[in-house]
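Engineer: coordinates only, sequence not included:
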């Protein structure tokens with residue numbers, strides 16, 4: 001089921017979540033965050049929540065005996081959540097607007113630790129912290145630390161780098 005911007009809660013400026021989702025370079029169904037809790041430009045931290053009982057693009061395709069293969073948030077969904085968080089950082093902290101020519105790419109996973117399965121049911125608390133940033137007129141390179149928790153336990157943590165570029169697609 002496609003969500004509307006009103007379905008994504010949080011402390012965002014009026015109309016900006018709509019603009020963010022309407023102009024993002026992925027369809028809304030690829031934005032897996034259900035609530036943005038905090039975007040702090042001073043500390044470079046974004047906190048959000050994913051409802052794991054929602055439709056999951058890969059998790060919903062899981063088969064087999066749940067006693068052997070428990071239903072969970074899959075690795076591709078966890079990685080997409082890092083892209084979602086990075087996009088929030090770029091857009092709301094750095095002002096990189098998709099409809100103004102910015103586009104982003106993950107380009108290095110320095111470390112990724114899948115600590116335990118993120119089960120279907122309880123929400124996953126998402127936290128990203130931008131630890132390094134280089135900004136030029138047409139390029140922004142950022143390094144993030146991610147920490148995802150469910151029921152007070154870490155399910156995923158990583159350190160990744162992404163870049164945003166501004167310009168025509170054939171120039172990228």
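Structural biologist: Arrived safely. As the structure is a prediction and not an experimental result, all values here were calculated from the model. Residues are numbered from 1 along each chain as shown.

Engineer: contacts, neighbours, all on C-alpha from now
Structural biologist: Will do.

Engineer: wait, residue 164 sits on residue 137?
Structural biologist: No. With contact defined as Cα atoms under 8 Å, residue 164 and residue 137 do not form a contacting pair (10.7 Å).

Engineer: more neighbours: which of those two?
Structural biologist: residue 164 (22 against 7; other Cα atoms under 10 Å).

Engineer: wait, a strand at the more buried one?
Structural biologist: Yes. When classified by DSSP: H, G, I helix; E, B strand; the rest coil, residue 164 is found to be part of a strand.

Engineer: okay, now residue 19: neighbour count?
Structural biologist: Burial of residue 19 is recorded as 14 neighbouring residues (other Cα under 10 Å).

Engineer: in three-state terms, label it for me.
Structural biologist: Classification of residue 19 using three-state DSSP returns helix.

Engineer: in this structure, which spans are helices?
Structural biologist: In the chain, helices defined by DSSP state H lie at 16-23, 75-88, listed in chain order.

Engineer: closest one to residue 115 among the ones you listed?
Structural biologist: helix 75-88 (11.4 Å; Cα to Cα).

Engineer: which outside residues touch that closest one?
Structural biologist: Under the contact criterion Cα atoms under 8 Å, 6 or more residues apart in numbering, helix 75-88 has outside partners 30-33, 46, 56-59, 104, 106, 128, 144, 146, 156, 162.

Engineer: can you pull the buried residues of the helix or strand bottoming out on mean pLDDT in the chain?
Structural biologist: The helix or strand of the chain with the lowest confidence, counting by mean pLDDT, DSSP states H and E, is helix 16-23 at a mean of 91. Neighbour counts over helix 16-23 (16 or more other Cα atoms under 10 Å) mark 17, 20-22 as buried.

Engineer: how far off centre is that helix?
Structural biologist: Mean-position distance between helix 16-23 and its chain equals 15 Å (Cα atoms, centre = their mean, to the nearest Å).

Engineer: now the angle between helix 75-88 and it, please.
Structural biologist: Orientation check (axes from the mean of the first three to the mean of the last three Cα atoms, to 10 degrees): helix 16-23 against helix 75-88 gives 120 degrees.
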